[in-house]
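> My questions are about this predicted structure, shown below with the sequence.
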Amino acid sequence: MVSLIAAFAMGGYLAFTPALAGTTAADSSSGNKNFIKADELGREWIEKMSRAMQDQTYVGTFVYLHGDEVETMKIYHSKIDGVEHERLISLNGEAREIIRDADSVVCIWPGSKSVIVSKAQPRTPFPQFEPQQLTALSEFYEFRKGRDARVAGRRTKVIDIVPQDNYRYGYRLWIDKETFLLIRSAMRDNTGKLVEQVMFTDISYPETVPLEMFSASISGKRHEWMVDEDEPFKPVEPIINSDIPGVDEMALPGGFELVSDKVTPVGGSTHAVRRLMYSDGLASLSVFISSAEDESSGGALNGGTAMGAVNAFGVQHEQWHATVVGEVPGATVEMLAKTMLIVGK
């Protein structure tokens with residue numbers, strides 16, 4: 001059911017000051033040459049950071065705070081023969097590991113002896129940027145280079161990413177001045193409330209990490225292996241032989257574009273759900289649509305709920321139920337759900 005999928009999406013793996021949280025381009029001298037130069041310099045730092053996060057070899061421990069939860073993770077990262085490898089190991093709470101490379105993501109839960117192999121990239125604790133998208137993002141966010149600071153014993157440069165409307169979150173990034181790695185990240189909503197924060201407590205930069213470190217240390221005979229072929233960011237293709245309608249109208253904020261549209265069966269049931277994914281190049285959100293009859297026994301979400309930075313809002317449109325889930329403020333998913341028009345077949 002959609003409610004189960006929404007719950008899974010909200011459980012996805014993962015400070016700038018309150019004064020910055022509500023600031024827009026209109027609040028600053030956007031026509032000033034110094035401001036324009038500062039924006040360009042901020043984007044330059046983020047471009048270097050994006051490359052460093054992919055290319056650098058590093059090992060560290062970081063703390064991830066979201067809602068009332070505190071998670072501590074160990075990370076190993078390296079680029080070996082041109083291929084990016086990463087391994088995340090939880091150090092508190094339920095034991096779990098995530099191992100990824102260019103082809104797949106392996107999620108391991110030793111407690112339940114289950115393994116999921118997927119092509120879909122999971123939500124990461126740190127914000128991600130594609131360097132070629134930074135100029136386009138400048139229409140909806142300001143990039144401000146700020147002061148120096150010290151994090152995990154490293155000298156960092158602080159960069160603020162300030163949304164120009166209330167539909168997105170803002171970020172403060174602490175970037176290592178020597179390696180350009182992202183050492184700390186904080187996310188706030190437009191009221192100034194801290195939504196999520198992730199920070200390295202220690203980090204090192206070894207020359208190499210053995211390839212064996214990125215292999216699953218489990219026995220296939222003792223674990224249940226499941227393969228998920230979902231590829232959420234593949235190019236949009238027309239839906240064939242589906243009775244589940246799409247979204248005919250919705251008050252989508254500027255910059256968000258449809259990047260995926262597919263119908264998939266819901267595991268463990270005879271039902272299907274249509275998922276439409278939208279992104280502005282930094283923030284992303286999804287709309288899940290299924291038959292209201294399919295939801296009747298599954299506890300469909302009606303109204304809003306939140307888990308850290310991820311918000312969801314569910315509504316019923318005649319015989320269809322829709323849930324909007326995204327790493328955007330709660331008011332944004334509520335607006336989208338209430339302005340959505342679903343046209344049945």
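Sure, I can see it.
> Low-confidence stretches in the protein?
1-38, 111-112, 119-124, 131-132, 216-242, 266-270, 294-299, 343-345 (pLDDT under 70).
> Break it down into its domains, please.
2-11+230-342, 18-224 (automatic domain parsing).
> and those, which is most packed in?
domain 2-11+230-342 (a mean of 18; mean count of other Cβ atoms under 10 Å). All C-beta atoms are positioned from the backbone trio N, CA, C, and that covers glycine.
> what about the strands in the stretch 201-345 of the chain?
224-228, 247-249, 257-265, 272-279, 284-291, 303-307, 310-317, 320-326, 341-342 (DSSP state E, counting those that start in this stretch).
> Let me have those in CSV, extended by distance to Ile80.
Below are those laid out as CSV (distance: least, Cβ to Cβ, whole Å):
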stretch, distance to Ile80
strand 224-228, 24
strand 247-249, 42
strand 257-265, 29
strand 272-279, 29
strand 284-291, 29
strand 303-307, 34
strand 310-317, 32
strand 320-326, 34
strand 341-342, 47
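> do you know which of those strands lies nearest Arg100?
strand 224-228 (13.3 Å; Cβ to Cβ).
> Report the separation between Leu336 and Val247.
Separation of Leu336 from Val247 (Cβ to Cβ, to the nearest Å): 9 Å.
> which residues are common contacts for those two?
Val287 (Cβ atoms under 8 Å, 6 or more residues apart in numbering).
> can you give me the helices for the stretch 101-250 of the chain?
134-137 (DSSP state H, counting those that start in this stretch).
> Met49 contacts Trp174, doesn't it?
No: in this structure, Met49 is not within contact of Trp174 by Cβ atoms under 8 Å, at 10.0 Å.
> Name the residues contacting each of these two.
Leu182.
> what residues are up against Ala337?
313-315, 322-324.
> Out of those residues, flag the one nearest to Ala251.
Nearest member of the contacts of Ala337 to Ala251, counting by Cβ to Cβ, is Val324, at 11.2 Å.
> measure the nearest residue to the closest one once chain neighbours are set aside to Thr323 for me?
Using Cβ to Cβ, 6 or more residues apart in numbering and skipping the chain neighbours, the partner closest in space to Val324 is Val333 (4.2 Å). To Thr323, Val333 is 9 Å away according to Cβ to Cβ.
> quick one, what contacts the closest residue to Met335 other than its chain neighbours?
Among residues not flanking Met335 along the chain, Ala251 sits closest, at 5.8 Å (Cβ to Cβ, 6+ apart). Contacts for Ala251 (Cβ under 8 Å, 6+ apart) come out as 335-336, 339.
> In helices, which of the residues you listed appear?
If you go by DSSP state H, the contacts of Ala251 have 335-336, 339 in helices.
> Which of these sits closest to Gly170?
Distances from Gly170 to these, taken by Cβ to Cβ, are shortest for Met335, at 18.3 Å.
> For that closest one, give its distance to Phe180.
37 Å.
> ok, now Thr61?
Taken as Cβ to Cβ, the span from Thr61 to Phe180 is 20 Å.
> Report the contact partners of Lys79.
For Lys79, counting by Cβ under 8 Å, 6+ apart, the contacting residues are 54-57, 85.
> hmm, 10 Å instead?
Lys79 makes contact with 54-57, 85-86, 209 under the criterion Cβ atoms under 10 Å, 6 or more residues apart in numbering.
> quick check, nearest of those to Ala136?
Using Cβ to Cβ, the contacts of Lys79 come closest to Ala136 at Gln54, 19.7 Å.
> Any idea what the closest residue to that closest one other than its chain neighbours is bridged to?
Distances taken as Cβ to Cβ, 6+ apart place Glu84 nearest to Gln54, at 5.6 Å, with adjacent residues excluded. Bridge pairing for Glu84 (DSSP bridges) gives the partners Lys79.
> swap in Val63?
Under DSSP bridges, the residues paired with Val63 across the bridge are Thr72, Met199.
> hang on, the earlier thing: for the contacts of Ala251, give me JSON lines that also has distance to Val263.
As requested, the contacts of Ala251 are arranged in JSON lines below (distance: Cβ to Cβ, whole Å):
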{"residue": "Met335", "distance to Val263": "25"}
{"residue": "Leu336", "distance to Val263": "20"}
{"residue": "Thr339", "distance to Val263": "23"}
